[in-house]
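Chemist: next input, structure requested:
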Amino acid sequence: MKFSIRFILILSFLIYLNSLQELKAQYQTGDIFVGVSNGQIQWYRNDGTFVQTLNTGLGGYTTGMAIDAGGILYVTNFSGNSISMFDQYGVLIGLFPGGTYSTPESIVFDAASNVYVGCLGTGIEMTDHSGNNRTNLYSSRVDFMDLKGGSTQCIMLRDFEGTNIETQDICSILPGPTYASGLGGTAYALRIIPVGPFTGQVLLANGVNILRLDPPNPPVVYDVSGYDGWFVLNLDPDEDHFWIADFNT
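Modeler: A predicted model of the protein is given here:
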(Lines give C-alpha, C1' and ligand atoms only; values in the text may rest on other atoms or scores of the structure.)
Protein backbone atom coordinates (compact mmCIF):
# COMPACT_ATOMS: atom_id res chain seq x y z
CA MET A 1 0.00 0.00 0.00
CA LYS A 2 1.41 3.39 -0.99
CA PHE A 3 1.35 6.53 1.18
CA SER A 4 2.41 9.99 0.13
CA ILE A 5 5.40 11.54 1.90
CA ARG A 6 3.29 14.63 2.60
CA PHE A 7 0.62 12.58 4.42
CA ILE A 8 3.26 10.81 6.55
CA LEU A 9 4.90 14.13 7.47
CA ILE A 10 1.55 15.68 8.46
CA LEU A 11 0.62 12.61 10.51
CA SER A 12 4.00 12.67 12.27
CA PHE A 13 3.61 16.38 13.06
CA LEU A 14 0.14 15.81 14.55
CA ILE A 15 1.44 12.97 16.71
CA TYR A 16 4.29 15.26 17.86
CA LEU A 17 1.86 18.04 18.78
CA ASN A 18 -0.33 15.59 20.68
CA SER A 19 2.71 14.34 22.60
CA LEU A 20 3.62 17.91 23.56
CA GLN A 21 0.11 18.49 24.89
CA GLU A 22 0.35 15.33 27.00
CA LEU A 23 3.61 16.59 28.53
CA LYS A 24 2.09 19.91 29.57
CA ALA A 25 0.79 20.26 33.12
CA GLN A 26 -2.95 19.87 33.38
CA TYR A 27 -5.38 20.69 36.17
CA GLN A 28 -5.85 17.89 38.68
CA THR A 29 -8.57 17.37 41.24
CA GLY A 30 -7.48 19.17 44.39
CA ASP A 31 -5.24 21.75 42.71
CA ILE A 32 -5.10 25.15 44.43
CA PHE A 33 -5.47 28.46 42.55
CA VAL A 34 -4.56 31.61 44.49
CA GLY A 35 -5.26 35.16 43.33
CA VAL A 36 -2.15 37.23 44.12
CA SER A 37 -2.99 40.63 42.53
CA ASN A 38 -1.36 42.11 39.40
CA GLY A 39 -3.94 40.12 37.44
CA GLN A 40 -2.18 36.88 38.36
CA ILE A 41 -3.09 33.50 39.80
CA GLN A 42 -0.61 31.05 41.30
CA TRP A 43 -1.31 27.39 40.53
CA TYR A 44 -0.25 24.70 43.03
CA ARG A 45 -0.74 20.98 43.42
CA ASN A 46 -2.63 19.79 46.49
CA ASP A 47 0.65 19.01 48.29
CA GLY A 48 1.90 22.60 47.82
CA THR A 49 4.09 21.98 44.76
CA PHE A 50 4.12 25.11 42.60
CA VAL A 51 3.08 24.53 38.97
CA GLN A 52 3.04 27.97 37.31
CA THR A 53 1.65 31.50 37.43
CA LEU A 54 -1.37 32.26 35.26
CA ASN A 55 -1.72 35.84 34.05
CA THR A 56 -4.87 37.59 32.85
CA GLY A 57 -2.72 40.38 31.41
CA LEU A 58 -5.12 42.92 32.91
CA GLY A 59 -3.32 43.81 36.15
CA GLY A 60 -5.42 44.59 39.21
CA TYR A 61 -7.05 42.25 41.69
CA THR A 62 -8.18 38.71 40.88
CA THR A 63 -10.56 37.33 43.51
CA GLY A 64 -13.33 34.86 42.68
CA MET A 65 -12.68 31.67 40.71
CA ALA A 66 -14.61 28.63 39.56
CA ILE A 67 -14.02 25.71 37.18
CA ASP A 68 -16.82 24.61 34.85
CA ALA A 69 -17.75 21.07 33.86
CA GLY A 70 -15.40 21.26 30.88
CA GLY A 71 -12.35 22.07 33.00
CA ILE A 72 -12.16 25.78 32.12
CA LEU A 73 -11.02 28.08 34.93
CA TYR A 74 -12.95 31.36 35.24
CA VAL A 75 -11.32 34.24 37.15
CA THR A 76 -13.01 37.51 38.12
CA ASN A 77 -10.90 40.62 37.73
CA PHE A 78 -12.21 43.12 40.25
CA SER A 79 -10.20 46.01 38.82
CA GLY A 80 -10.67 45.09 35.15
CA ASN A 81 -14.48 44.68 35.28
CA SER A 82 -14.14 41.36 33.48
CA ILE A 83 -13.85 37.57 33.76
CA SER A 84 -10.88 35.77 32.22
CA MET A 85 -10.87 32.12 31.14
CA PHE A 86 -7.97 29.64 31.16
CA ASP A 87 -7.99 26.18 29.57
CA GLN A 88 -7.04 22.99 31.42
CA TYR A 89 -3.34 23.66 30.75
CA GLY A 90 -3.44 27.16 32.25
CA VAL A 91 -3.41 28.87 28.84
CA LEU A 92 -5.38 32.12 28.65
CA ILE A 93 -8.37 31.70 26.33
CA GLY A 94 -9.70 35.23 26.62
CA LEU A 95 -12.59 37.00 28.33
CA PHE A 96 -15.93 35.43 29.18
CA PRO A 97 -18.33 36.74 26.51
CA GLY A 98 -20.94 37.91 29.01
CA GLY A 99 -19.73 41.49 28.62
CA THR A 100 -18.39 44.08 31.05
CA TYR A 101 -19.15 43.60 34.76
CA SER A 102 -19.10 46.31 37.41
CA THR A 103 -16.33 45.29 39.87
CA PRO A 104 -16.99 41.52 39.85
CA GLU A 105 -15.69 39.65 42.89
CA SER A 106 -17.27 36.17 42.96
CA ILE A 107 -18.48 33.61 40.42
CA VAL A 108 -20.66 30.51 40.87
CA PHE A 109 -22.10 27.86 38.51
CA ASP A 110 -25.34 25.99 39.03
CA ALA A 111 -26.04 22.38 38.00
CA ALA A 112 -27.20 23.57 34.56
CA SER A 113 -23.90 25.48 34.03
CA ASN A 114 -25.56 28.89 34.29
CA VAL A 115 -23.11 31.56 35.46
CA TYR A 116 -23.72 33.86 38.45
CA VAL A 117 -21.37 36.79 39.06
CA GLY A 118 -21.36 38.76 42.31
CA CYS A 119 -20.51 42.43 41.69
CA LEU A 120 -20.04 45.43 43.94
CA GLY A 121 -21.66 47.68 41.38
CA THR A 122 -24.58 45.61 40.10
CA GLY A 123 -25.24 42.82 42.58
CA ILE A 124 -25.89 39.35 41.13
CA GLU A 125 -25.70 38.98 37.34
CA MET A 126 -26.78 35.71 35.69
CA THR A 127 -26.14 34.45 32.15
CA ASP A 128 -26.19 31.08 30.46
CA HIS A 129 -22.90 29.27 29.94
CA SER A 130 -22.25 31.13 26.69
CA GLY A 131 -22.75 34.55 28.26
CA ASN A 132 -26.22 35.07 26.76
CA ASN A 133 -29.53 36.21 28.29
CA ARG A 134 -27.99 38.36 30.99
CA THR A 135 -30.35 39.02 33.91
CA ASN A 136 -29.88 41.01 37.11
CA LEU A 137 -31.14 38.98 40.09
CA TYR A 138 -30.20 41.48 42.79
CA SER A 139 -29.06 45.05 42.26
CA SER A 140 -27.18 46.04 45.44
CA ARG A 141 -23.58 45.30 46.40
CA VAL A 142 -22.46 41.67 46.52
CA ASP A 143 -18.90 40.61 47.38
CA PHE A 144 -18.99 36.85 47.97
CA MET A 145 -21.79 34.34 47.49
CA ASP A 146 -22.57 30.64 47.22
CA LEU A 147 -25.55 28.72 45.87
CA LYS A 148 -27.41 26.16 47.95
CA GLY A 149 -27.76 22.67 46.48
CA GLY A 150 -30.97 20.71 46.11
CA SER A 151 -33.42 20.13 43.30
CA THR A 152 -34.23 23.79 42.62
CA GLN A 153 -31.04 25.68 43.54
CA CYS A 154 -33.04 28.83 44.26
CA ILE A 155 -31.26 30.19 47.35
CA MET A 156 -28.06 32.21 47.08
CA LEU A 157 -26.20 33.24 50.23
CA ARG A 158 -24.49 36.61 49.80
CA ASP A 159 -22.51 39.11 51.83
CA PHE A 160 -21.19 42.63 51.34
CA GLU A 161 -18.12 42.71 53.64
CA GLY A 162 -20.26 43.61 56.62
CA THR A 163 -21.36 41.63 59.68
CA ASN A 164 -24.36 39.84 58.10
CA ILE A 165 -24.99 37.08 55.58
CA GLU A 166 -28.21 37.54 53.60
CA THR A 167 -30.19 35.23 51.33
CA GLN A 168 -31.53 35.87 47.84
CA ASP A 169 -34.20 33.77 46.14
CA ILE A 170 -32.86 33.78 42.58
CA CYS A 171 -35.94 31.97 41.26
CA SER A 172 -38.45 34.56 42.45
CA ILE A 173 -35.80 37.35 42.30
CA LEU A 174 -36.74 38.40 45.84
CA PRO A 175 -34.56 38.97 48.92
CA GLY A 176 -34.95 36.27 51.56
CA PRO A 177 -34.45 36.26 55.32
CA THR A 178 -31.11 37.11 56.94
CA TYR A 179 -29.06 33.93 57.36
CA ALA A 180 -26.72 35.23 60.09
CA SER A 181 -26.13 38.63 61.69
CA GLY A 182 -23.83 40.32 64.18
CA LEU A 183 -20.91 38.15 63.14
CA GLY A 184 -18.18 40.56 64.25
CA GLY A 185 -15.12 40.89 62.05
CA THR A 186 -15.89 41.25 58.35
CA ALA A 187 -17.78 38.69 56.27
CA TYR A 188 -15.63 37.80 53.26
CA ALA A 189 -15.62 34.52 51.30
CA LEU A 190 -18.21 31.90 52.22
CA ARG A 191 -18.87 28.30 51.20
CA ILE A 192 -21.86 26.05 51.90
CA ILE A 193 -20.76 22.56 53.02
CA PRO A 194 -22.50 20.12 50.62
CA VAL A 195 -22.07 16.72 52.32
CA GLY A 196 -21.09 15.02 55.57
CA PRO A 197 -22.05 15.72 59.19
CA PHE A 198 -22.09 19.50 58.61
CA THR A 199 -24.18 19.47 55.42
CA GLY A 200 -25.80 22.84 54.81
CA GLN A 201 -23.63 24.70 57.29
CA VAL A 202 -21.55 27.64 56.11
CA LEU A 203 -17.82 28.31 56.34
CA LEU A 204 -16.99 32.00 56.47
CA ALA A 205 -13.68 33.87 56.24
CA ASN A 206 -14.38 36.57 58.82
CA GLY A 207 -11.13 38.53 59.00
CA VAL A 208 -9.70 37.72 62.43
CA ASN A 209 -11.26 34.23 62.52
CA ILE A 210 -12.90 31.58 60.35
CA LEU A 211 -16.42 30.62 61.38
CA ARG A 212 -18.59 27.55 60.79
CA LEU A 213 -22.19 28.74 60.96
CA ASP A 214 -25.36 26.82 61.75
CA PRO A 215 -27.86 29.41 63.04
CA PRO A 216 -29.29 29.75 65.60
CA ASN A 217 -26.45 27.75 67.17
CA PRO A 218 -23.35 29.73 68.14
CA PRO A 219 -20.55 29.76 65.55
CA VAL A 220 -17.68 27.26 65.70
CA VAL A 221 -14.42 29.23 65.51
CA TYR A 222 -11.24 28.20 63.66
CA ASP A 223 -8.08 30.29 63.75
CA VAL A 224 -4.31 30.28 63.37
CA SER A 225 -2.35 32.42 65.80
CA GLY A 226 -0.73 35.51 64.30
CA TYR A 227 -2.98 35.76 61.24
CA ASP A 228 -5.89 38.21 61.26
CA GLY A 229 -6.71 38.80 57.60
CA TRP A 230 -8.66 35.67 56.61
CA PHE A 231 -10.18 36.69 53.30
CA VAL A 232 -10.81 33.74 50.98
CA LEU A 233 -11.51 30.05 51.52
CA ASN A 234 -12.60 27.01 49.60
CA LEU A 235 -13.43 23.39 50.32
CA ASP A 236 -11.00 20.59 49.57
CA PRO A 237 -12.42 17.88 47.26
CA ASP A 238 -12.47 15.48 50.22
CA GLU A 239 -15.28 17.72 51.60
CA ASP A 240 -13.75 17.33 55.08
CA HIS A 241 -11.07 20.04 54.99
CA PHE A 242 -10.90 23.60 53.71
CA TRP A 243 -8.19 25.96 52.48
CA ILE A 244 -7.92 29.53 53.76
CA ALA A 245 -5.83 32.53 52.68
CA ASP A 246 -4.79 35.62 54.67
CA PHE A 247 -4.67 38.80 52.56
CA ASN A 248 -1.86 40.31 54.67
CA THR A 249 0.59 37.45 54.08
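
Chemist: what residues are up against the spatially most central residue of the chain?
Modeler: Centrality entry for the chain: nearest residue to the mean C-alpha point is residue 65, 2.7 Å, by Cα atoms, centre = their mean. For residue 65, the residues meeting the contact criterion (Cβ atoms under 8 Å, 6 or more residues apart in numbering) are 33, 35, 41, 73-76, 107. The way it works is simple: take the backbone N, C-alpha and C, and place the C-beta from them, glycine included.

Chemist: any of these buried? List them.
Modeler: Applying 16 or more other Cβ atoms under 10 Å to the contacts of residue 65, the neighbour count classes 33, 35, 41, 73-76, 107 as buried.

Chemist: turn these into CSV, including distance to residue 142 and secondary structure.
Modeler: Shown next, in CSV, are the buried ones among the contacts of residue 65 (distance: Cβ to Cβ, whole Å; DSSP: H, G, I helix; E, B strand; the rest coil):
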residue, distance to residue 142, secondary structure
33, 21, strand
35, 17, strand
41, 21, strand
73, 21, strand
74, 16, strand
75, 17, strand
76, 12, strand
107, 11, strand
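
Chemist: ok so, going back, between which two of the contacts of residue 65 is the distance greatest?
Modeler: Taking Cβ to Cβ as the measure, those span a maximum distance of 13.2 Å, between 41 and 107.

Chemist: on that earlier part again, which among the buried ones among the contacts of residue 65 gets closest to residue 194?
Modeler: Closest approach to residue 194 among these (Cβ to Cβ): residue 107, at 17.5 Å.

Chemist: the closest one touches residue 114, doesn't it?
Modeler: No - with contact defined as Cβ atoms under 8 Å, residue 107 does not count as touching residue 114 (11.3 Å).

Chemist: quick check: next helix or strand after the helix or strand harbouring residue 213?
Modeler: Following DSSP states H and E, one finds residue 213 within strand 209-214. Helices and strands here follow DSSP H and E; after strand 209-214, the next one along the chain is strand 217-222.

Chemist: and the angle from that next one to strand 209-214?
Modeler: With axes from the mean of the first three to the mean of the last three Cα atoms, to 10 degrees defining the directions, strand 217-222 sits at 140 degrees from strand 209-214.

Chemist: need the contact partners of the next helix or strand after strand 217-222.
Modeler: Downstream of strand 217-222, the first helix or strand assigned by DSSP H and E is strand 230-235. Here strand 230-235 makes contact (Cβ under 8 Å, 6+ apart) with 35, 63, 188-191, 193-194, 203-210, 241-247.

Chemist: tell me where the model's unsure across this protein.
Modeler: Across the chain, the ranges flagged by pLDDT under 70 are 1-23.

Chemist: now the helices for it?
Modeler: Counting by DSSP state H, one finds helices in the chain at the ranges 5-23.
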